[in-house]
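Asker: Fold the following and give me the result.
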Amino acid sequence: MSKYVGAIDQGTTSTRFIVFDKQANIVSIAQKEHEQIYPKPGWVEHNPLEILTNSNEVIGAALARANLSASDLAAVGITNQRETTVLWDRHTGKPLCNALVWMDTRTDQLVQRFARDGGQGRFRSKTGLPLATYFSGLKLLWILENVEGARRQAEKGDALFGNINTWMAWNLTGGPDGGVHVTDVSNASRTMLMDLQTCAWDKDMLDQFHIPEACLPKIVPSSAPYGEIKTAPLRGTPLAGMLGDQQAALVGQTCFAPGEAKNTYGTGSFLLMNTGTEPVQSNAGLLTTLAYQFGDEKPRYALEGAIAITGALVQWLRDNLHFFDVAGQIEPLARSVPDNGDVYVVPAFSGLYAPYWKDDARGVIAGLTRFANKAHIARAALESTAYQVRDVVEAMEIDSGIPLSSLRTDGGMVVNELLMQCLSGQKCWQNLWDVLYCWHLERAVWRLP
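Answerer: Residues are numbered from 1 along each chain as shown. Just a heads-up that it's a prediction; the model follows:
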């Protein structure tokens with residue numbers, strides 16, 4: 001009898017494969033980063049074939065390190081970066097273009113087009129989401145309108161759409177040779193194409209966005225047998241689980257009761273609260289989303305506060321400004337000064353997400369004087385995460401009516417003790433809008449005339 005399960009964790013910057021035992025202990029892990037492609041300001045792409053190659057490599061490496069084979073695994077699941085959009089040829093398996101990453105803002109003109117009649121929230125009651133560059137329905141529309149032949153192929157069913165989970169599941173289960181074209185409810189809820197109540201593709205939304213249903217995957221539960229993996233090194237293993245990465249963290253933190261919440265600090269930060277079997281519409285700038293569905297059980301819903309840039313700001317200081325060589329060095333640098341020296345960072349590289357939803361906002365470093373140095377900027381960068389989380393926590397308390405007495409945290413940034421102290425204490429808990437107001441940056445950040 002198999003003693004282990006495997007998890008493919010396909011994230012924004014890297015792919016991991018993790019083997020767990022029956023007690024949920026990690027037995028083996030392997031990880032590999034993939035290229036971040038920036039063709040134009042605001043555009044962010046990934047190569048889906050590179051992601052697929054990296055996935056096969058880390059799966060093989062993790063199994064080899066534990067001296068295991070596919071027969072030792074009872075099942076494999078996928079968790080993935082959400083909203084990142086792929087359209088590929090069902091006959092060749094080749095993507096029609098690079099994947100449009102969730103933080104890509106090239107659909108800003110489409111957002112404005114659809115918001116002219118009814119405003120940014122015109123589809124909220126049905127999809128739980130505001131019109132924003134974040135979600136994959138408009139990314140798919142951009143591909144259909146801008147990649148030669150894409151619409152023709154999609155309308156014929158010769159081109160298939162999916163977020164990364166769908167792309168990987170299709171390839172794992174055979175690709176052009178009978179690959180399963182599915183997505184789970186948590187990922188489908190991030191497209192703006194699914195009805196929250198029915199958990200089915202909504203015909204009106206497809207008509208509004210001019211999306212052909214022939215290219216869409218089948219919506220399935222988050223935990224169910226989808227098919228058998230046909231590719232090495234997992235050949236013969238059942239594929240039986242699928243969750244968007246933030247919903248997977250909610251499940252991993254065992255937030256199964258309404259009111260329980262978690263926050264993940266990664267490339268961005270995402271605070272989710274379980275709201276039970278009924279969706280809660282937000283009046284404070286949050287998202288209403290599917291949390292998970294196990295088998296034939298009723299789907300569970302969540303309120304979500306999505307922050308685009310937190311860990312990515314640390315990467316930017318490392319890779320673009322060369323403040324340090326590895327991400328972990330930001331903490332001693334930030335600790336080398338007693339405070340931020342009146343420097344503030346607004347990391348709106350991809351606009352501001354919850355609770356403001358300003359797609360045209362751009363990043364700002366404010367309060368610079370001759371006194372300021374890179375240590376002050378590093379400290380301000382960490383504090384910017386606290387400011388943004390504070391905004392989301394306040395919005396979530398308004399929407400849910402539940403004061404958050406505790407918040408379960410995970411993700412790469414939790415190893416930063418200064419950041420965790422900042423989040424748990426009061427020193428940095430200032431509202432982001434107050435920061436903008438105090439420095440009179442409304443015109444610069446919002447690009448007002």
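Asker: Which neighbouring elements make contact with the longest helix belonging to the chain?
Answerer: When the chain is parsed with DSSP state H, its longest helix is helix 374-400. Under the contact definition 3 or more Cβ pairs under 8 Å, 6 or more residues apart in numbering; DSSP states H and E, helix 374-400 sits against strand 261-265, strand 269-276, strand 300-307, helix 311-319, helix 330-335, strand 344-346, helix 417-424, helix 432-438. Every residue, glycine included, has its C-beta placed from N, CA and C.
Asker: Reformat the ones you listed into TSV and put distance to F17 and mean pLDDT next to each item.
Answerer: Converted to TSV, the helices and strands packed on helix 374-400 look like this (distance: least, Cβ to Cβ, whole Å; pLDDT from 0 to 100):
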stretch	distance to F17	mean pLDDT
strand 261-265	19	88
strand 269-276	22	90
strand 300-307	26	92
helix 311-319	21	93
helix 330-335	28	95
strand 344-346	34	94
helix 417-424	28	84
helix 432-438	36	44
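Asker: quick revisit: pull the distance from the helix or strand that the longest helix of the chain is followed by to the chain's centre.
Answerer: Downstream of helix 374-400, the next assigned helix or strand under DSSP states H and E is strand 408-410. Chain-centre distance of strand 408-410: 16 Å, with Cα atoms, centre = their mean, to the nearest Å.
Asker: out of the helices and strands packed on helix 374-400, nearest to I365?
Answerer: Distance to I365, taken as Cβ to Cβ, is lowest for strand 344-346 among the helices and strands packed on helix 374-400, at 5.3 Å.
Asker: Please name the strands paired to the closest one in the sheet, noting orientation.
Answerer: When pairs are called by DSSP bridges, strand 344-346 turns out to pair with strand 364-366 (antiparallel).
Asker: quick one on the thing from earlier: most tightly surrounded among the helices and strands packed on helix 374-400?
Answerer: Among the helices and strands packed on helix 374-400, ranked by average contacts under mean count of other Cβ atoms under 10 Å, first place goes to strand 300-307 (a mean of 27).
Asker: from the chain's centre, how far out does that one sit?
Answerer: Relative to its chain's centre, strand 300-307 lies at 11 Å (Cα atoms, centre = their mean).
Asker: what about the residue in the chain sticking out farthest from the centre, which SS state?
Answerer: Distance from the C-alpha centroid of the chain peaks at R370, with 37.8 Å (Cα atoms, centre = their mean). Here R370 takes the coil state, with states given by DSSP: H, G, I helix; E, B strand; the rest coil.
Asker: which residues sit in contact with it?
Answerer: If you count contacts by Cβ atoms under 8 Å, 6 or more residues apart in numbering, R370 has none.
Asker: For it, give me phi and psi.
Answerer: Dihedral pair for R370: phi -60, psi -20, per degrees, to the nearest 10.
Asker: Verify the contact between A261 and C255 for me.
Answerer: Yes - applying Cβ atoms under 8 Å, one finds A261 in contact with C255, separated by 6.3 Å.
Asker: Show me whatever sits in contact with both of the two.
Answerer: Listed as contacting both A261 and C255 by Cβ under 8 Å, 6+ apart are 272-274, 408.
Asker: possible to save the helices and strands packed on helix 374-400 as TSV with distance to D104?
Answerer: Listed next are those as TSV, based on distance: least, Cβ to Cβ, whole Å:
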stretch	distance to D104
strand 261-265	20
strand 269-276	17
strand 300-307	15
helix 311-319	13
helix 330-335	25
strand 344-346	20
helix 417-424	26
helix 432-438	23
